[in-house]
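Trainee: One predicted model, sequence on top.
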Amino acid sequence: MNSGTQYSPIVYWIPLLIFFIANLWIGWRSFRVQYNTADACEEHDDFWITGRKQPHYMVGMSIAAGWLLIGFMTWMAWATYEHGLSGLFMAVVPWAILLFCMVALTPWVRRLKAISQPQMLHNRFGLPIRVLVSPMNIFCFIIWSAAELYAVALILAPPLGVSVSTMIIIFALPVAIYMWMGGFRSVINANILQFFMAVVFMTVMALLAWIVARGIAADQGATIWGILSEQELINSFAYPLKESARATTILGFVNLAFPIVSIIALLPGWTIEEDWWLKAQSGASTSESRKGVIANVIYNLIWVLFCASFVGLMGLVIFPPEVGQDGVLASNALLGNAGGYNIFSALIQNYVPGWGQVLLIVLLAALSMSTIATFTNVCAMNLSYDVLQPLYYRRRGFPEAKIVIWARTISLLIVLATIGLALLYTIPSIGATLTDGYYLSSGVLTAGVAVPVYAIFWQRANLRGVMVGSAVGCLATLIFFILEYKVWHFSYNMPVFDWIFGTGAMAGTYLGYCIVGLFFGLVGLVVGTYSASAPSLELLNAVAVHPVDDHEEFFAGVRKTS
């Protein structure tokens, strides 16, 4: 850090420990609420969905807090730094479409009398699909959690004077404890504190990037836009990264292949991410949930989408890149090997005085903790509530009080497992494999989970259809991912698609595995569905005609398969 005073690690530790204590206090308060419930059954409901009593502001802020994650913020800053305005189509455009899809989906989510997505599938099709989909969800969310934990440890470890491995353990332990104490109630309550902290961090970073970029432009007798428009990146750099690829518009695309593929490949999985479904289901009413989801649209547009991508564009002025051969960008040396992914940390280290760095460290921690808690809570619910409860707890006749103890224990163990995975990221060979898993997760979520989840609302769909669709889609995703990333190295032709968009167009998106998985998942769903009889009226009645706001009716439906 070269712009301010280098403080002793203890100075950085003090605000971070205060943040940890605040989250533990929230966990303790959540535990007390559950301890004072009428019975163990009500305590169990509160642990997983807070009794379905959340007001709209809790719903909206909690969803946004879960998505204000370091990985996503740095990815969007990287996208606009590495690809200029064309980078907006890598994340901003699909994510913006997702936000408005969520508003439309909220009443559909609340037509299902179930807490988790696997339970929704169970009610509509049967237990086997609940057990099949749960591990897929766990795979996606625990990989994301571990990657986020590793990312925040990389940033926090140096100023705090500890190793990355030690930081991983220290940072995750408060999450493990407050998750054990209050489950989903701890998550959603802590998300409010974390939301405000993350908003302050992103606002400060966007303002800092603009002030620094404006100062650099003024020193050169130019404007920010003038510098941007003169860069090779903006004028002719093209995505995908191909030899002699030159864009003809400021958006930087040779053709429309990438934005189309990214929307088709990523949007189905993003729209059914279980964390936001659970939070929408937790609202006191459909009206409250929808208002919360609409508020989340505003939060995301401002602090998740605009601020991060804006920082990336300002980075082109602050850290002028070098354009190498074939239009491939070489990031400024100050950004290191990670290139555009380091923009946030480089800004802090080079343009924030020491006291400001101390404050930003703890604000940055909120971005990660909110996501790690949100995602590990989903994993714990899928394992305990969706797999162990129907297959083990109920079959062994566990009373509700004992099930709650198991639920708390599983929540704790999931965070510990996340710590283990994050530690493996520090081993280069294993870390590379986990990174592959991170990319693979998007395809698994789309083909393995989204296909059966959306089939809930197709009346002809049956158990065989969703089982075949989910299994075949997941398997096709894995096989094509290996071929695309490890065997062909993005050099292949896709029939029909490449004829329309040009040779190698699909390969150039790096998302072919998602498209192939989705295609086979849908084919498997249709073939499997029509090779078996139509579902019974009882199964079809699992989807209510209207959103269910009566809590007694809702929990009566939950009890049938809980």
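Mentor: Received the coordinates, thanks.

Trainee: pLDDT wise, what is residue 248 at?
Mentor: You'll see residue 248 listed with a pLDDT of 57.

Trainee: Now do the strands in the chain.
Mentor: Listed in chain order, the strands of the chain (DSSP state E) span 322-323, 329-330.

Trainee: Low-confidence ranges, the stretch 251-400 of the chain, go.
Mentor: 251-256, 323-329, 337 (pLDDT under 70).

Trainee: Residue 421: what's it in contact with?
Mentor: By C-beta atoms under 8 Å, 6 or more residues apart in numbering, the contact list for residue 421 reads 142, 143, 145, 146, 434. Placement of C-beta: from N, CA and C, glycine included.

Trainee: give the contact list for the residue nearest to the third one when sequence neighbours are not counted.
Mentor: So that's residue 145. Spatial nearest neighbour of residue 145, chain neighbours left out: residue 375 (4.2 Å); criterion: C-beta to C-beta, 6 or more residues apart in numbering. Contact analysis of residue 375 by C-beta under 8 Å, 6+ apart lists 66, 141, 142, 144, 145, 148, 275.

Trainee: Ramachandran coordinates for the residue of the chain positioned farthest from its centre?
Mentor: Going by C-alpha atoms, centre = their mean, the residue of the chain most distant from its centre is residue 221, 41.3 Å out. Main-chain dihedrals, residue 221, degrees, to the nearest 10: phi 70, psi 30.

Trainee: Next, give me the two most distant ones among the contacts of residue 421.
Mentor: 145 and 434 (11.6 Å; C-beta to C-beta).

Trainee: So which of these two has more stuff around it?
Mentor: More neighbours surround residue 145 than the other of residue 145 and residue 434, with 30 against 17 (other C-beta atoms under 10 Å).

Trainee: That one and residue 151: what is the separation?
Mentor: Going from residue 145 to residue 151 by C-beta to C-beta, to the nearest Å gives 11 Å.

Trainee: coming back round to it: sitting in helices, which of the contacts of residue 421 do you find?
Mentor: The helices, defined by DSSP state H, take in 142, 143, 145, 146, 434 from these.

Trainee: any chance of those residues in a markdown table, plus pLDDT?
Mentor: Listed next are those as a markdown table, based on pLDDT from 0 to 100:
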| residue | pLDDT |
| --- | --- |
| 142 | 97 |
| 143 | 96 |
| 145 | 96 |
| 146 | 96 |
| 434 | 91 |
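
Trainee: which one of those is nearest residue 538?
Mentor: residue 142 (34.2 Å).

Trainee: give the contact list for the closest residue to the closest one other than its chain neighbours.
Mentor: Spatial nearest neighbour of residue 142, excluding adjacent residues (C-beta to C-beta, 6+ apart): residue 379 at 5.0 Å. Neighbouring residues of residue 379 by C-beta under 8 Å, 6+ apart: 137, 138, 141, 142, 145, 414, 418.

Trainee: same thing but 10 Å
Mentor: 134, 137-145, 274, 410-411, 413-415, 417-418 (C-beta atoms under 10 Å, 6 or more residues apart in numbering).

Trainee: where's it relative to residue 139, distance?
Mentor: To residue 139, residue 379 is 9 Å away according to C-beta to C-beta.

Trainee: can you check residue 495 too?
Mentor: Distance of residue 495 to residue 139, given as C-beta to C-beta: 30 Å.

Trainee: for residue 449, same thing?
Mentor: Counting by C-beta to C-beta, the gap from residue 449 to residue 139 is 10 Å.

Trainee: Overlap of the contact sets of those two?
Mentor: residue 474.

Trainee: Between those two, point out the one with more neighbours.
Mentor: Neighbour count, other C-beta under 10 Å: between residue 449 and residue 139, residue 449 has more, with 29 against 20.

Trainee: need the contact list for that one.
Mentor: Going by C-beta under 10 Å, 6+ apart, residue 449 touches 117-118, 121, 132-134, 136-137, 139-140, 268-269, 272-274, 470, 473-474, 521.

Trainee: Could you give the average pLDDT over the lengthiest helix in the chain?
Mentor: Longest helix of the chain, by residue count under DSSP H: helix 164-219. For helix 164-219, mean pLDDT rounds to 96.

Trainee: Same question for stretch 497-515.
Mentor: Stretch 497-515 shows a mean pLDDT of 86 in the predicted model.

Trainee: Any idea how many residues pack against the residue lying closest to residue 448 once chain neighbours are set aside?
Mentor: Leaving aside its chain neighbours, residue 448 sits nearest to residue 474 (3.6 Å; criterion: C-beta to C-beta, 6+ apart). Look at residue 474: counted by other C-beta under 10 Å, it has 28 neighbours.

Trainee: do residue 278 as well
Mentor: Neighbourhood size, residue 278 [other C-beta under 10 Å]: 25.

Trainee: For it, give me its contacts.
Mentor: Taking C-beta under 10 Å, 6+ apart as the criterion, residue 278 is in contact with 48-50, 62-63, 109, 115-117, 184, 187-188, 374, 377-378, 381.

Trainee: ok, now residue 332?
Mentor: Listed by C-beta under 10 Å, 6+ apart, the contact partners of residue 332 are 81, 315-316, 318-322, 339-340, 342-343, 346.

Trainee: From those, pick the one nearest residue 525.
Mentor: Comparing these against residue 525 with C-beta to C-beta places residue 340 closest, at 38.2 Å.
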